[in-house]
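Peer 1: coords please:
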Amino acid sequence: MGVPNILRASAWTLPPGKSAYGPSGHWSNEDMDPVPPKQRTWSTWNFIAYWISDVTNVSTWQFASSMLAIGLTCLSTHDEAPTSRRQALAAITVGYFIIATYSGSECVYQMLKAIWPATARIPNHLSVSSPVTTRGMMCYFLFWIIQLPLLLVHPRKIKHFFTVKSIIVPCAWLAILIWAMVRVPASISLAPDRGPLSPRTLSGSKQAWAWLSALNSSLGVIATLSINIPDFTRYAKNERAQFVQLIIIPVAFILFGFVGIAVTASAEYIYGEILWDPLRLIDKWDNRAAAFFASFSFLLSIIGCNVAANSISAANDLMVLCPKYINIRRGQVICALIGGWALCPWEILATAPRFLSFMSGYTVFLGPFAGIMVADYWLVHKGNVDVPAMYRPHGRYRYWNGINWRAAVTLLCSVVPTLPGLIGNINPKIKVGGALHLFDIAWLYGFFSALLIFWGLSTMWPAPETFMDQAVLAEHLDDDELRSESASRDEKEKEDSFTVKELDPLQ
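Peer 2: Coordinates of the predicted model:
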């Protein structure tokens, strides 16, 4: 009996597109190619809506308010102003995807409980020691089903969803902030060291290192977007449409981070505990209508964040690994099917310190990634890159068997020193001494050390075939003659690459 056609690899091969950048479908596909000018439709307002949509999510609220749970005051917490392509690991964005999905399941639970209060009394058939219950697992599955259709929408068309979210969610957050300020005035709730749990606040060197650790985690919140934001800026009408991000990113994070801090500080007086998770705050409300609409706004925010910052980024990462079979839509489905169930987000979100440890752990790798890319583009090549050549397996960017050894050495030097601190942060029983403090500034250390090391190695041992007098962009290959010339150059570049290797084995 023959193998069913659907199980054959050939059945899943993507149809050939109009690409002229890769020599064959093995190296690129329509979604992976540079976006044609007529499909670049994102304007300045779309990027404003995108970032407001991305910032107003549960993770931003949780992160800012969870700093109070580890002993920082409102003032020192709000001093944390977060700052922000394709080389991010797919595992990282998949990890964020499942955490956001679990937070979305809490929204579903609050909405169901607001409509049917008996939802809270569904018996638990899982282990008592497990941080998730039968009810929680049911809500997790429901949210996963709800968001799945939006994962099938192409990034070119999803911008309208971000616009809607950027209006509804901030209004809901503002309403919650007003409620909190009415119940407990800011002069009381935001005063330093005046909360009912103020004896738990830190001071001296402990507060300083907690502040640095929180700063490191704040960078982790958007560290993935800092290296894969081209997933969306590639759809910008022009370069000028992207410049607004320099303003909207810090302003939005400061303003909406403040909302999480202020509401959590007020809730400390109202309920006598630090409710750093907004869904746990809503769980204490008696007004069922308010609970439903507030939970709906958070559900909308999580779906938008999961689409924008997580699933599309993961899909692009997976697509680069296997462009013959995976495009953006298939990558998102893979992220949802495998990533949505492979890890256990309820374990990560069980306590505030675990959440901060999870966020900090990613900065160990993402800081060096960002440093290498900044150094390579701005300092080494000064923006003069050959975009079409990036799609050729034997082009000018092949280096040594497809590996730039300078980047590999840089990662080794910038990541390894912070690993002992990462281990000690996850398991405090393992004593690592002062290495724990290096981990507290892992992103900053990784970024600047990688930038300097990679720049130095590229200066002392340059790869001359990668240097150009001016940039070659995708627009330069729009006519058929140049497209044909681009495809035929691959074989010549293959021969040239072998010649270069013979002359200099370090290339």
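Peer 1: let me know the secondary structure of the residue nearest in space to the middle of the chain.
Peer 2: With distances taken as C-alpha atoms, centre = their mean, the residue of the chain nearest its centroid is residue 224 (3.6 Å). Put simply, residue 224 is helix when judged by DSSP: H, G, I helix; E, B strand; the rest coil.
Peer 1: residue 467 - how many residues pack around it?
Peer 2: Number of residues near residue 467 (other C-beta atoms under 10 Å) recorded here: 13. Yep, even glycine has a C-beta here, placed from its N, CA and C like the rest.
Peer 1: how about the closest residue to it other than its chain neighbours, what does it touch?
Peer 2: Nearest-residue entry for residue 467: residue 381, 6.7 Å, with adjacent residues in sequence omitted and distances by C-beta to C-beta, 6 or more residues apart in numbering. Contacts for residue 381 (C-beta atoms under 8 Å, 6 or more residues apart in numbering) come out as 466, 467, 468.
Peer 1: on that earlier part again, correct me if wrong: the residue nearest to the centre of the chain contacts residue 366.
Peer 2: Yes - taking contacts as C-beta atoms under 8 Å, residue 224 lies within contact range of residue 366: 6.6 Å.
Peer 1: helices along the stretch 51-200 of the chain, start to end?
Peer 2: Using DSSP state H, counting those that start in this stretch, the helices of the stretch 51-200 of the chain run over 58-69, 74-78, 90-115, 134-147, 159-183, 186-189.
Peer 1: just those: most buried one?
Peer 2: helix 58-69 (a mean of 26; mean count of other C-beta atoms under 10 Å).
Peer 1: distance of residue 235 relative to residue 468?
Peer 2: Residue 235 is 26 Å from residue 468, where distance means C-beta to C-beta, to the nearest Å.
Peer 1: of the two, which one has the most company?
Peer 2: Shown here are residue 235 and residue 468; by other C-beta under 10 Å, residue 235 has more neighbours (20 against 15).
Peer 1: quick check: closest non-adjacent residue to the more buried one.
Peer 2: Nearest one to residue 235, counting by C-beta to C-beta, 6+ apart, is residue 42 at 4.5 Å.
Peer 1: got the confidence number for the one you found?
Peer 2: With respect to pLDDT, residue 42 scores 92.
Peer 1: check the gap between it and residue 97 for me.
Peer 2: 23 Å.
Peer 1: likewise for residue 131?
Peer 2: From residue 131 across to residue 97, the span is 19 Å (C-beta to C-beta).
Peer 1: next, the contact list for residue 380, please.
Peer 2: Listed by C-beta under 8 Å, 6+ apart, the contact set of residue 380 reads 454, 455, 458, 459, 462.
Peer 1: show residues contacting the host helix or strand of residue 448.
Peer 2: Using DSSP states H and E, residue 448 falls within helix 442-460. Applying C-beta under 8 Å, 6+ apart, the contact partners of helix 442-460 are 215-216, 219-220, 223, 360, 363-372, 374-376, 379-380, 406-407, 409-411, 413-415, 417-418, 421-422, 438.
Peer 1: what about 6 Å?
Peer 2: Contacts with helix 442-460, where a contact means C-beta atoms under 6 Å, 6 or more residues apart in numbering, come from 216, 219, 363-364, 367-368, 370-372, 374-375, 379-380, 406, 410, 413-414, 418.
Peer 1: that one: which residues count as buried?
Peer 2: Across helix 442-460, burial judged by 16 or more other C-beta atoms under 10 Å covers 442-455, 457-458.
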